[in-house]
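Trainee: quick check, what structure comes out for this input:
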Amino acid sequence: MSATLYWLRQDLRLDDNPALLAACGSAALLPVYCHRPARDSGWDFPRLGRHRAAFIGQALDSLRAALSSRGSALCELQGLPEIVLPALAREVGADRVVCERIAAPEEEAEALALRQAGLQVCEIWQSSLFLPEQLPFAIERLPAVFTAFRRSLEQAGPQPLPPQDAPAALPPLPAALPPLPAGWTPREPPARTPVAIEPRSSFPYHLPACHGGEAAARAHFQQYLARGLPHRYKATRDRLYGVDFSSKLSPWLASGALSPRRVWQMLKAFEARHGASEGSGWIGFELLWRDYFRFLHLQHGARLYHAAGLSALPPPAHDVAAFQRWRKGETGQPLVDAAMRELSASGYLSNRLRQVAASYLIYECGGDWRAGAAWFESQLIDYDACSNQGNWLYIAGRGTDPRGGRRFNPERQAAEHDAQGRYRALWSTA
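Mentor: Here you go, the predicted model:
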């Protein structure tokens, strides 16, 4: 059997990685990650901002060390996957690429391009709590409303598959590992984006406890469980700032440094010891939302990226000047401006404020929801194509919200969630 490339995408971990385990049957294996060239979002700013780039760099450094401890290495390339991976395969004598399957249109196009370049591509679905084949309906019959989806699962009673442990060792590297003009050899990692230090951040990834690597992800959730915080999750999840008001799992789930099935297993072990509660159950509820947005991508694909989304609404208007004020935190609305300053300065924003900010852009600024989704993609360290697209469509009334969109009153939200004005004071400056 010839060499295999294991193409890391949004699965920057060794634990519970079925695609990696499948690739381990090869005689030689080279794990590889592609850093795409700088790309414009289409709205006059880059698609990959400094915070997410830095956080991914941390995850890759952790992964590199874990691979090295198992007799392997990490090859990082600069370039489009459909160009650099076929060239790498020729250099090392590989004819097969194994990777996780991602249902977003751009990621599916990349895999197709590799096949058209003559490579065998084995894609394995592994990013959700449940597998598509575990659902009590075909993807084509996925319920149009999340509540119906959740109830169907609860009635059918499937359970997530147990997570698979990381392999103790990996196949040897291919014999031919020449210097690669398009990037770096496994022994020469690229320079990383400098980590931004923002002491006000609710997810201070400049500190070891919030490092982007797999070990930090597991350690974070273990301490969250040890302190009994799941029991208060539902009561605190709508707070606007602080580390402990929510689980903070989303950055690691987005990069794939943490498996949703591992989270589920750890959560259920916690409930077995300390009892289930509405709060701990709500964490599972959020994982189901994450699954639902992934299955929507399997069902609808590129339609989720069209201006109308799943609706029959006309294309949205777009006020360019108002959008610029919104993303810079210069709208004059104190809560929204504070949120946008936090996002730019730290790469993180609470779920409540994401909804408020998205609503304000769409309904008060007359902005195109796609521009807002692109700004979140650029800025958020926990950007995930499926969840980001699904949530923006939901707020815009072009997705699966049965109420036809969500319009938030920022004054009312401030009175309810920031009555003392502490959040607004904290982020009164950039």
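Trainee: continuing past the helix or strand hosting residue 267, what's the next helix or strand?
Mentor: Element membership for residue 267 (DSSP states H and E) is helix 260-274. From helix 260-274 onward toward the C-terminus, using DSSP H and E, the following helix or strand is helix 278-300.
Trainee: who are the packing partners of that following helix?
Mentor: Secondary-structure packing of helix 278-300 (3 or more Cβ pairs under 8 Å, 6 or more residues apart in numbering; DSSP states H and E): helix 146-156, helix 233-236, helix 260-274, helix 385-396. Backbone N, C-alpha and C define where each C-beta goes, glycine included.
Trainee: with distance to residue 103, mean pLDDT and mean neighbour count added, can I get those in TSV?
Mentor: Below are those laid out as TSV (distance: least, Cβ to Cβ, whole Å; pLDDT from 0 to 100; neighbours: other Cβ atoms under 10 Å):
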stretch	distance to residue 103	mean pLDDT	mean neighbour count
helix 146-156	16	96	14
helix 233-236	28	96	16
helix 260-274	15	98	17
helix 385-396	7	97	23
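Trainee: which stretch among those helices comes nearest residue 322?
Mentor: Of all the helices and strands packed on helix 278-300, it is helix 385-396 that lies closest to residue 322, at 15.7 Å by Cβ to Cβ.
Trainee: report the backbone C-alpha coordinates of the helix or strand just after the closest one in PDB.
Mentor: Going down the chain from helix 385-396, the next helix or strand is helix 410-417, by DSSP H and E. C-alpha atoms of helix 410-417 as PDB (Å, rounded to 0.1, in the frame of the first residue of the first chain):
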ATOM      1  CA  PRO A 410     -31.000  46.900  22.300                       C
ATOM      2  CA  GLU A 411     -32.300  49.200  25.000                       C
ATOM      3  CA  ARG A 412     -34.500  46.400  26.400                       C
ATOM      4  CA  GLN A 413     -31.600  43.900  26.200                       C
ATOM      5  CA  ALA A 414     -29.300  46.400  28.000                       C
ATOM      6  CA  ALA A 415     -31.900  46.900  30.800                       C
ATOM      7  CA  GLU A 416     -32.300  43.100  31.200                       C
ATOM      8  CA  HIS A 417     -28.700  41.900  30.800                       C
END
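Trainee: dump the helices and strands packed on helix 278-300 to a markdown table, plus distance to residue 31.
Mentor: Supplementary listing: those in a markdown table, determined by distance: least, Cβ to Cβ, whole Å:
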| stretch | distance to residue 31 |
| --- | --- |
| helix 146-156 | 34 |
| helix 233-236 | 35 |
| helix 260-274 | 20 |
| helix 385-396 | 22 |
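Trainee: for these, which one sits closest to residue 314?
Mentor: Shortest distance between residue 314 and the helices and strands packed on helix 278-300, using Cβ to Cβ, is found for helix 385-396: 12.4 Å.
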